[in-house]
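[1] Dropping a prediction and its sequence here:
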Amino acid sequence: MKYTILVADDSKLYFDIIEEAFRQLGDNYRLIWADTGKAACQLAEKHLPDLILMDVIMPEMNGVQAIRALKENPLTTDIPVIMLSASESLKAACETGAHDFISKPFNHFELLMRVRASLTLIDKIKEIKKQKEKLEKEHQKISQQRKEIIDDITYSKRIQKAILPTNELIKNIFPEHFVLNIPRNIVSGDFYWVGQKSGKKIITVADCTGHGISGAFMTMAGIAYMNDIFNRYTLDDPAEFLFLLREQVMKLLHQKGIEGEATDGMDVALCIIDEKKKCFKYAGANNPIYHINQHELHLYKADRMPIGIHVNFTTPFTSQTYPYRPGDMLYLFSDGYPDQFGGPENKKFRYKHFQDLLLSIHQAPMSDQNEILRHTFFNWKGEEEQIDDILIFGIRL
């Protein structure tokens, strides 16, 4: 590697001495001479030398002023400078930004060793800068890729939101309702579905395996299958609905009960409401529901098997019928809310705490219930990471 060294000294004699000394080291060094501080600044900007040897006492602009000008120029600010002068100028040179100092008259060997040491340091600094630039480029590349991925996922969120039941549809079927939907990532692995047919109202909340993109794929399949079953069949038994849904999911995932195959699926709570008879039928795949009647919370448990492959995947789901009074509350939910860690001892929120919270707010307007549940969740979570998707669907019967 060939180094360029700028020598700034008003004495050509000193330049010649320095040049002769460098000839002893071979032809890896190119020396440039400037006889004034101003000329040194101009030549430094033009040639961008690897190192500058700067005398202090020079006409027009002395060495200290020249160093100050070099350091203020973005093009030359990083070029190291070795000051050549009497020792009384050491303090001023160092305060200005000189890299090293050699007293005149200097010893040739000392000069060469100082220069070589400086150039070795410069090479290391250049390599570090090169690696830094490489890392910055890689970082920019990764940041751009991350942005593109996030943009794609954000767009996927719009698609996911578009296939969920609209607010207008939900309101037409359930005039008093709220939906608290807080994905762990941008898209969610939880979904909800509503329908109305033959005088019956259907409501479903499902928690798919995984969250984020993997969970979102399952939600889209789940919603599509719910629509297909709803359109093809007239069912008043939620257990039959879940059985048909399980068949579809197993077919999608090629699940045949073979050891080692994927066990993905979903947990579902499904209710069919008969307003004429003032009762609702419920069936669940791992997902329970809460029914609050006359200030008392009733827990209706689900079958202990998912929508998907399971040791009992040929076993039918079971339905139960429950009466209700107008004004009762029905809550369908995934497990993300009670399982969230937080609070003063960083423990789970727990189902008992969740039940007590619902009991305390069940008479409030739907929007207030939604806001209280949201505020309580984030207050409980604090700085902890959200561990799962959150979905709570509440309706007043």
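    It's in.
[2] Tell me the strands beside the helix or strand hosting T4, with direction?
    For T4, the host element (DSSP states H and E) is strand 3-8. Applying DSSP bridges, strand 3-8 is found paired with strand 29-34 (parallel), strand 51-55 (parallel).
[3] hey, C-alpha coordinates of stretch 152-171 in CSV?
    What follows is stretch 152-171, C-alpha atoms only, in CSV (Å, rounded to 0.1, in the frame of the first residue of the first chain):
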residue,chain,number,x,y,z
ASP,A,152,-46.6,-6.8,4.0
ILE,A,153,-47.9,-7.9,7.3
THR,A,154,-49.7,-4.6,7.9
TYR,A,155,-51.4,-5.1,4.5
SER,A,156,-52.3,-8.6,5.6
LYS,A,157,-53.9,-7.1,8.6
ARG,A,158,-56.2,-5.1,6.3
ILE,A,159,-57.1,-8.3,4.5
GLN,A,160,-57.7,-10.1,7.8
LYS,A,161,-59.9,-7.3,9.1
ALA,A,162,-61.8,-7.2,5.8
ILE,A,163,-62.8,-10.9,6.1
LEU,A,164,-64.0,-10.6,9.7
PRO,A,165,-67.6,-9.7,10.3
THR,A,166,-68.2,-6.0,9.8
ASN,A,167,-69.3,-3.8,12.6
GLU,A,168,-72.6,-3.2,10.8
LEU,A,169,-73.3,-6.9,10.5
ILE,A,170,-72.5,-7.6,14.1
LYS,A,171,-74.7,-4.6,15.2
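[4] Highest mean neighbour count out of the strands paired with strand 3-8?
    Burial of the strands paired with strand 3-8 is given as mean neighbour count (mean count of other CB atoms under 10 Å); strand 51-55 ranks first at a mean of 26. Glycine gets a C-beta too; all of them are placed from N, C-alpha and C.
[5] For it, give the mean pLDDT please.
    Averaged across strand 51-55, pLDDT comes to 87.
[6] Kindly report the same for stretch 132-142.
    87.
[7] Stretch 103-121: which residues count as buried?
    104, 106, 111-112, 114-115, 118-119 (16 or more other CB atoms under 10 Å).
[8] er, stretch 212-231 I mean
    Neighbour-count burial for stretch 212-231 flags 212, 215-223, 225-226, 229-230 (criterion: 16+ other CB under 10 Å).
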